[in-house]
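Visitor: Let me see the structure of the following:
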Amino acid sequence: MGIFSFFSKEKKESLDKGLSKTKESVFQKISRAVVGKSKVDDEVLDNLEEILVTSDVGVDTTLKIIGRIEARVAKDKYVGTSELNEILRSEIAELLEENKSDDSADFDVDLGKKPYVIMVVGVNGVGKTTTIGKLAYNYKKAGKSVILGAADTFRAAAIDQLKVWSERVGVPIVSQNMGSDPASVAFDTLKSAVSKDADVVIIDTAGRLHNKVGLMNELSKIKNVMQKVVPNSPHEILLVLDGSTGQNAIEQAKQFTLATEVNALALTKLDGTAKGGVVIGISDQFKIPVKYIGIGERMEDLQVFNRRAFVDSLFGKN
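Guide: The predicted structure follows:
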């Protein structure tokens with residue numbers, strides 16, 4: 001079965017458009033790197049290494065990719081520069097597969113874990129609240145009943161913004177006043193979800209990193225309280241990162257993975273940057289699957305990450 005038999009034409013076009021800046025940047029650099037070259041030699045590999053690093057793939061991941069290509073060149077004896085894009089595409093796709101990024105094309109959850117609880121973490125300004133709103137929209141569109149929990153009680157604006165999204169999407173929200181105990185909000189949200197037999201619960205949390213110990217304690221408390229209502233929740237701890245910040249997103253991932261057990265990633269704002277390579281680096285470095293990518297302003301432009309579609313779009317394969 002072909003990849004796009006379940007990855008719609010509309011999604012593919014949206015993905016192509018969203019990754020266009022990264023694609024143009026990488027292709028232009030690769031084209032310059034192979035001018036006058038007929039085969040992939042040491043000079044081409046050195047240039048390719050620089051291209052990947054400057055595309056925010058990251059040093060460690062770049063060296064891993066270059067090592068794979070070197071092994072293929074050594075095995076095949078002669079690899080033409082015309083084959084370089086296809087080799088890169090296949091090696092990066094395999095790398096993402098090894099790092100547990102799957103090929104789901106739908107907003108789906110394990111309804112054996114009902115309600116399915118998603119706790120969203122990330123610093124302010126990365127698009128966390130917008131991502132929650134878009135998640136709610138897409139899960140509702142997929143036929144799931146959704147409840148939001150405004151447990152970022154550190155900022156009044158965070159509560160207000162989430163309320164706006166709940167009204168826009170048409171899903172209920174549980175909130176308290178600014179300064180309330182975030183764990184209390186999470187507890188009330190899950191109690192409401194259980195009583196209403198909701199499918200999905202999305203809990204917002206405070207987006208600050210200035211006190212890592214405080215953050216860790218707060219997130220642990222929220223988790224412990226939620227488990228009193230729904231055992232083994234949250235089922236998904238989703239870290240939202242701004243893809244346009246490149247290496248800074250990797251640093252944020254380091255901090256949050258130390259603070260809590262992140263098991264899913266969302267990369268936002270990929271449409272406005274040439275730094276889409278950060279998706280590859282973050283997936284490889286943290287061995288945490290990228291689950292969602294944001295590639296535009298529309299609510300439909302938050303997509304469930306599909307590694308094959310991502311790599312095919314990045315390297316221009318239909």
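
Visitor: CA atoms for contacts and neighbours, from now on please.
Guide: Will do.

Visitor: how about the strands in this protein?
Guide: 116-121, 146-150, 173-174, 200-204, 236-242, 264-268, 290-294, 302-304 (DSSP state E).

Visitor: For Ala74, which of those strands is the nearest?
Guide: strand 290-294 (31.7 Å; C-alpha to C-alpha).

Visitor: what's the closest one packed up against?
Guide: Secondary structure elements in contact with strand 290-294, counted by 3 or more C-alpha pairs under 8 Å, 6 or more residues apart in numbering; DSSP states H and E, are strand 264-268, strand 302-304.

Visitor: Let me have those in a markdown table, extended by mean neighbour count.
Guide: Converted to a markdown table, the helices and strands packed on strand 290-294 look like this (neighbours: other C-alpha atoms under 10 Å):
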| stretch | mean neighbour count |
| --- | --- |
| strand 264-268 | 25 |
| strand 302-304 | 24 |
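
Visitor: closest one to Thr62 among the ones you listed?
Guide: Nearest of the helices and strands packed on strand 290-294 (C-alpha to C-alpha): strand 264-268, 19.2 Å.

Visitor: if we can go back for a sec, could you dump the helices and strands packed on strand 290-294 to a markdown table with distance to Phe256 and mean pLDDT?
Guide: What follows is those, written out as a markdown table (distance: least, C-alpha to C-alpha, whole Å; pLDDT from 0 to 100):
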| stretch | distance to Phe256 | mean pLDDT |
| --- | --- | --- |
| strand 264-268 | 11 | 92 |
| strand 302-304 | 21 | 90 |
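
Visitor: how about those strands in JSON lines, adding distance to Thr189?
Guide: JSON lines is the format used below for these (distance: least, C-alpha to C-alpha, whole Å):
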{"stretch": "strand 264-268", "distance to Thr189": "21"}
{"stretch": "strand 302-304", "distance to Thr189": "24"}
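
Visitor: right, and the ones you listed - which one's nearest Tyr116?
Guide: Nearest of those (C-alpha to C-alpha): strand 264-268, 13.9 Å.

Visitor: shaky segments in the stretch 51-200 of the chain?
Guide: 77-79, 81, 99-105 (pLDDT under 70).

Visitor: about what we covered before: could I get the strands of the chain in a markdown table, plus columns for distance to Lys37?
Guide: Conversion of the strands of the chain to a markdown table gives the following (distance: least, C-alpha to C-alpha, whole Å):
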| stretch | distance to Lys37 |
| --- | --- |
| strand 116-121 | 47 |
| strand 146-150 | 55 |
| strand 173-174 | 59 |
| strand 200-204 | 52 |
| strand 236-242 | 37 |
| strand 264-268 | 35 |
| strand 290-294 | 35 |
| strand 302-304 | 38 |
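
Visitor: Between those, which one is closest to Met216.
Guide: Of these, nearest to Met216 by C-alpha to C-alpha is strand 116-121, at 11.3 Å.

Visitor: Would you mind getting the angle between the closest one and strand 264-268?
Guide: If you take axes from the mean of the first three to the mean of the last three C-alpha atoms, to 10 degrees, strand 116-121 sits at 60 degrees to strand 264-268.

Visitor: follow-up on the earlier one: compare the strands of the chain and report which one is nearest to Asn85.
Guide: strand 290-294 (22.7 Å).

Visitor: Name all residues that make contact with Lys163.
Guide: Contact analysis of Lys163 by C-alpha atoms under 8 Å, 6 or more residues apart in numbering lists Ile173.

Visitor: Now with 10 Å, please.
Guide: Applying C-alpha atoms under 10 Å, 6 or more residues apart in numbering, we find Lys163 in contact with 133, 148-150, 157, 169, 171-175.
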